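# below are the sequence and a predicted model for it; my questions follow.
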Amino acid sequence: MITLTGVRKDYNSDVVIGPVDLKIPKGGVTALVGPNGAGKSTLLTMAGRLLGLDSGVIEIAGYDVARTDSKDLAKIVSILRQENHFVTRLTVRQLVAFGRFPHSKGRLTADDEEVVSRAIDFLGLGDLEDRYLDQLSGGQRQRAYVAMVLSQDTEYILLDEPLNNLDMRHSVQMMQHLRRAAEELERTIVIVLHDINFAGHYADRICAVKDGAAVEFGTPDEILTDEVLTRVFDTPVTVIEGPKGPLAVYY
Amino acid sequence: MAETTTSSSQRSTPTATRPVRSSRSLPTRRNRIRYWTVVGILAVLAAGFGFGLLAWDNPMPIGSEGFWRIAEMRSTNLVVMAVVAICQSIATVSFQTVTNNRIITPSIMGFEALYVAVQTAGVYFIGAAGVVALQGLPQFTLQIVVMVGFAMVLYGWLLSGKYANLQVMLLIGIVIGGGLASVSTFMQRLLTPSEFDVLAARLFGNIANADSSYLPVAIPLCLVASGLLLASSRRLNIVALGRDASTGLGLDHRRETIRVLLLVSILMAVSTALIGPMTFLGFLVATLAYQFADTHDHRYVLPLSALTCFVVLSGAYFVMRNIFYAQGVVSIIIEMVGGVVFLIVILRKGRL
């Protein structure tokens, strides 16, 4: 379980995130949705201890992220930021192998190699594992980053807009991979999403964030209603019954 | 580029045909052969230039007692070159890794400007005797201490505050360096031509600047600092991924950065205090080493960069000494030939 208690981040006197109180249960996919600048990514990066809190406590599986040793936390939670650019030239496999660093400190054992291979295969990158990252398309590279996070083998996985810049096909594939990771590998995945329909279809729970506060938390059926979405996004939204569940129409 | 489909039935096929899957730093046989070939060639060149410097123009027949006596006297230069090569190359590669930037060198952090300012101030205030007054083991040690202290104040101040930011630190380093350089230029304007002439000789990177009495301090500092950096190669590999990724993998990025920068400042201070400014050398050698090694792994890149640096330095010294009879100004040929080689490599490969 991820627990946020009175979490606050002050950017300046006008922009304040929080105080946020939120409980994200273990298991499944939880999507954070909301308008731009609402604080979704801020909350996620604070939970992944990449950004310090100004007040409040975030606990993941009972460990306070601000107090727990970063080394130990790296075995419980992994996080992937939106922008990933590495100056060094890496093959897919070398990148994914970095995910084993918290466990092996850079000295890979046969077990580590096995975990790396499984993560690569899980995302369908077996053929590409010796390619360099700069030889991949955007969708393949995004998959490689997710494979790295999977090979870290943590119970909790935090992803900041992994669908950014992906086309329809790759977005759908990515969400299917993540669903499978949640179900088959029993990971708890928290993901920032922009498309409310993706969240509605693939997530088990949706948390709506607005003006630095978590305003709604519930199942997709509870969140995907005209009233809730219109209020959260400040845009008239109509939810219709689509062929695969509710569909938010906002254009 | 065709993308693979990701249905599970198709995924298992490629893995079955590949016998061993491993995440080695040099993934294929070709990479490994290439790496060790480059190491071999560089080692031969290093040995060749090294021996050439001892033997060329040596009036005594090779192997005779007199030959070795002359060679022994010249060998100090070789030791100095080895120290400088290790310092410059390891420092630059590590610095580029922690700053996540491959087009800067630690020289811009003001080390060289500080050295130039100290030397110029010596001549300005004391006259030509100032150059002499700045030589000697205590003065050498003091210069290293001042440079490392300067670097630590800068890093400590800029990297431990609330708004700790590497880019701001670099910028302030450059600004301070620029400020020191203009103070030096101003003082140089006011020197008499003869004093300026004495000073100018000190301001080119010059192997002959080094005094063998400095070596008992320089060698241990160089070996300890570069040894510690080599030992943290695996962590440097992670640091190279940037702050967020390395924090996510459980590395204390800030502590690691400050530790590496401290070691880098020691190496740069030793090299600069020993032979003077060598702005371009580290940058050139680091870039070449990345191309030669063709791997991200610092366990391979760091030793290769040191070897490359020694070859470049001893090659330049050999050419200057035995062809142009101008052994003083090694940095000039390094910047000229090195710049050309650098451009060719970059234009051919199209990436850093």
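Looks like it arrived, so ask away. If you're wondering where the values come from, they're calculated on a predicted model, not measured in any experiment.
# quick one: the helices in the stretch 51-200 of chain A?
Secondary structure of the stretch 51-200 of chain A (DSSP state H, counting those that start in this stretch): helices at A:70-73, A:92-98, A:101-104, A:110-122, A:138-151, A:168-184, A:196-202.
# which one of the ones you listed lies closest to A:L247?
Of all the helices of the stretch 51-200 of chain A, helix A:196-202 sits nearest to A:L247, with 6.0 Å by C-beta to C-beta. Glycine gets a C-beta too; all of them are placed from N, C-alpha and C.
# does chain B sit close to that closest one?
No. Judged by C-beta under 8 Å from any C-beta of the partner chain, helix A:196-202 makes no contact with chain B; its nearest approach is 15.7 Å.
# picking that back up, deepest-packed of the helices of the stretch 51-200 of chain A, please.
helix A:92-98 (a mean of 27; mean count of other C-beta atoms under 10 Å in any protein chain shown).
# any part of that one near chain B?
Yes. Using C-beta under 8 Å from any C-beta, helix A:92-98 reaches chain B at A:R93, A:Q94, A:V96, A:A97, A:F98.
# can you check what pLDDT the model gives B:S7?
At B:S7, the pLDDT value in this model is 41.
# could you do B:R259 as well?
pLDDT at B:R259 comes out at 90.
# give the other helices and strands that the helix or strand encompassing it contacts.
Assigned by DSSP states H and E, B:R259 belongs to helix B:253-275. Judged by 3 or more C-beta pairs under 8 Å, 6 or more residues apart in numbering or on different chains; DSSP states H and E, helix B:253-275 is in contact with helix B:65-99, helix B:111-126, helix B:137-160, helix B:215-231, helix B:233-239, helix B:243-248.
# closest to B:S265 out of the ones you listed?
The minimum distance between B:S265 and those falls on helix B:137-160, with 3.5 Å, by C-beta to C-beta.
# can the closest one be said to contact chain A?
No. Helix B:137-160 stays clear of chain A (C-beta under 8 Å from any C-beta), getting no nearer than 13.5 Å.
# what comes up buried for that helix?
Using 16 or more other C-beta atoms under 10 Å in any protein chain shown as the test for burial, helix B:137-160 gives B:F140, B:Q143, B:I144, B:M147, B:V148, B:F150, B:A151, B:L154, B:Y155, B:L158, B:L159.
# geometric centre of the chain: which residue is closest?
Going with chain A. A:L159 (2.0 Å; C-alpha atoms, centre = their mean).
# looking at chain B here, not the other one
For chain B, the residue nearest the mean C-alpha position is B:Q88 (1.7 Å; C-alpha atoms, centre = their mean).
# okay, now the closest residue to chain A within the stretch 251-352 of chain B: neighbour count?
Going by C-beta to the nearest C-beta, chain A is nearest to B:H296 of the stretch 251-352 of chain B, at 3.8 Å. The local packing of B:H296 (other C-beta atoms under 10 Å in any protein chain shown) involves 23 other residues.
# make sure it is indeed in a strand.
No. Under DSSP: H, G, I helix; E, B strand; the rest coil, B:H296 falls outside any strand and is assigned coil.
# looks like it contacts B:A240 (just checking).
Yes. Using C-beta atoms under 8 Å, B:H296 makes contact with B:A240 at a distance of 6.5 Å.
# common neighbours of the two, please.
Counting by C-beta atoms under 8 Å, 6 or more residues apart in numbering or on different chains, the residues touching both B:H296 and B:A240 are A:T88.
# list phi and psi for the closest residue in space to A:D221 that isn't next to it in sequence.
Nearest residue to A:D221, sequence neighbours excluded (C-beta to C-beta, 6 or more residues apart in numbering or on different chains): A:P246, at 7.2 Å. Dihedral pair for A:P246: phi -70, psi 150, per degrees, to the nearest 10.
# what sits against A:P246?
Neighbours of A:P246 in contact, by C-beta under 8 Å, 6+ apart: A:G200, A:P220, A:D221, A:L224, A:V239, A:I240.
# can you get me a residue count around residue 47?
No chain specified, so I'll use chain A. Neighbours around A:A47, by other C-beta under 10 Å: 25.
# wrong one, chain B
12.
# re the thing from before, which one of the helices and strands packed on helix B:253-275 lies closest to B:L180?
Set against B:L180 and scored by C-beta to C-beta, the helices and strands packed on helix B:253-275 come closest in helix B:111-126, at 3.8 Å.
# by contact count, what packs against the helix or strand just after that closest one?
On the C-terminal side of helix B:111-126, the closest following helix or strand by DSSP H and E is helix B:129-133. Packing partners of helix B:129-133 (3+ C-beta pairs under 8 Å, 6+ apart): helix B:111-126, helix B:193-203.
# just the buried residues of the first one, please?
Yep, that's helix B:111-126 we're talking about. Quick answer for helix B:111-126 (16+ other C-beta under 10 Å): B:111-120, B:122-124.
# nearest to B:L236, of those residues?
Taking C-beta to C-beta as the measure, B:L236 lies nearest B:F111 of the buried residues of helix B:111-126, at 20.7 Å.
# pLDDT score for that closest one?
In this model, B:F111 is scored at 76, pLDDT.
# re earlier: and the helix or strand following the helix holding B:R259, average pLDDT?
With elements assigned by DSSP H and E, the helix or strand that comes after helix B:253-275 is helix B:279-293. The average of the pLDDT scores along helix B:279-293 is 86.
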